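Chemist: Curious how this folds, go ahead:
(chains A, B and C)
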Amino acid sequence: MGRQPCCDRVGLKRGPWTIEEDHKLVHFILNNGIQCWRTVPKLAGLQRCGKSCRLRWINYLRPDLKRGALSEAEEDQIIELHARLGNRWSKIASYFPGRTDNEIKNHWNTRIKKRLQVMGIDPLTHQPIDKEHETDELLSITETYYDKRNETENNIENANDISLPNNRLSENINGELWNKSFKTISTCYSPSISLESINFSTTSTATESSSNVAAAPAEEDSVQQWMDSIFSCAINQLEEDLFLLRKYN
DNA sequence: AATACATGCAACCGCACAGCG
DNA sequence: CCGCTGTGCGGTTGCATGTAT
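Modeler: Got it, this is the predicted structure:
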């Protein structure tokens, strides 16, 4: 016995939405809100299935949607998030208020992928495509970089309470590359940040962590947000380093 | 001007998962 | 624990539009 279809498809309209349908859906949702998508088309007088209505609302009709092309800065952030999160488009979209997962996914598939390929980067792995021409040293650094980045980011993601850095972060933030990155951050981001001042410990308690976090540039941010900023900065720096290494090797 | 091909994006499909009885 | 339902997600498709020949 297969799964039942989400709705009775007989007599339901498919394909592009008309202006009249859009008006009906917007009018209904703004007046009644959304209790159950399955009932929305019936109550709104639409010959569509609930799923189709939901998609239309989320991807096109929501009033808080940001229109227009994605900026280069947004593209860069998508690349960085994709390297961390993979094809988890909804998760990536959550970093861009007013943008939808569908929009970001489409943008990735149609533009960013090509941009990365032109740059010689595999969009899937975010690693250089042509490894034959890389030097051993560069390959080693690249691998260390990605390993440490993945390990550390996984630890952050897996931490029970994302507001506290009481995970095994210190074990990962100890390589030379990371030291270098944090030094960079301390100059470009905030002079008060250093590995010493952060002093993440596997045994740190919530209170201890909070006092360390107080040195962070934006006290109102959660540690997760703060770490995101740090990683963003660190990753940019590392990518710049790799670029220079490639250039001069 | 006509045709073929490429591109971008809205929409659909099927699956996974959470919540509930 | 199990089955059903509703929702959300990621992959894919198909069409409209733009560009090249």
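
Chemist: Name the residues of stretch A:111-128 that come out as buried.
Modeler: A:112-113, A:116, A:121, A:123, A:126-128 (16 or more other C-beta atoms under 10 Å). Where you see a C-beta, it was placed from the backbone N, CA and C, and this is true even at glycine.

Chemist: nope, stretch A:99-111 is what I was after
Modeler: Buried residues in stretch A:99-111, counted by 16+ other C-beta under 10 Å: A:99-101, A:103-105, A:107-108.

Chemist: Tabulate those (TSV), appending secondary structure and distance to DNA strand B.
Modeler: Shown next, in TSV, are the buried residues of stretch A:99-111 (DSSP: H, G, I helix; E, B strand; the rest coil; distance: C-beta to the nearest atom of the strand, whole Å):
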residue	secondary structure	distance to DNA strand B
A:Arg99	coil	11
A:Thr100	coil	8
A:Asp101	helix	9
A:Glu103	helix	6
A:Ile104	helix	10
A:Lys105	helix	7
A:His107	helix	6
A:Trp108	helix	10
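
Chemist: Near DNA strand C, list only the ones from those residues.
Modeler: Counting by C-beta under 7 Å from any atom of the strand, A:101, A:105 from those sit close to DNA strand C.

Chemist: now, among the buried residues of stretch A:99-111, which is nearest to A:Gly45?
Modeler: A:Thr100 (25.3 Å; C-beta to C-beta).

Chemist: With adjacent residues omitted, what lies nearest to that closest one?
Modeler: Distances taken as C-beta to C-beta, 6 or more residues apart in numbering place A:Asn59 nearest to A:Thr100, at 5.0 Å, with adjacent residues excluded.

Chemist: need the contact list for that neighbour.
Modeler: Neighbouring residues of A:Asn59 by C-beta atoms under 8 Å, 6 or more residues apart in numbering: A:100, A:102-103.

Chemist: Now it. Its backbone dihedrals?
Modeler: Per-residue torsions, A:Asn59: phi -90, psi -20 (degrees, to the nearest 10).

Chemist: how much space is there between it and DNA strand C?
Modeler: According to C-beta to the nearest atom of the strand, to the nearest Å, A:Asn59 and DNA strand C sit 9 Å apart.

Chemist: quick one: A:Trp17 from A:Lys105, how far?
Modeler: A:Trp17 sits 20 Å away from A:Lys105, taking C-beta to C-beta, to the nearest Å as the criterion.

Chemist: A:Gly68 now?
Modeler: Using C-beta to C-beta, A:Gly68 is found at 17 Å from A:Lys105.

Chemist: Check A:Thr39 too.
Modeler: 28 Å.

Chemist: who in chain A is up against DNA strand C?
Modeler: Close to DNA strand C, as judged by C-beta under 7 Å from any atom of the strand, chain A has residues A:1, A:3-4, A:6, A:15-16, A:34-38, A:50-51, A:54, A:87-91, A:101-102, A:105-106, A:109.

Chemist: Apply 6 Å and report the result again.
Modeler: A:4, A:6, A:36-38, A:50-51, A:54, A:87-91, A:101, A:109 (C-beta under 6 Å from any atom of the strand).

Chemist: which of those residues are buried?
Modeler: Buried, going by 16+ other C-beta under 10 Å: A:37, A:50, A:54, A:89, A:101, out of the residues of chain A next to DNA strand C.
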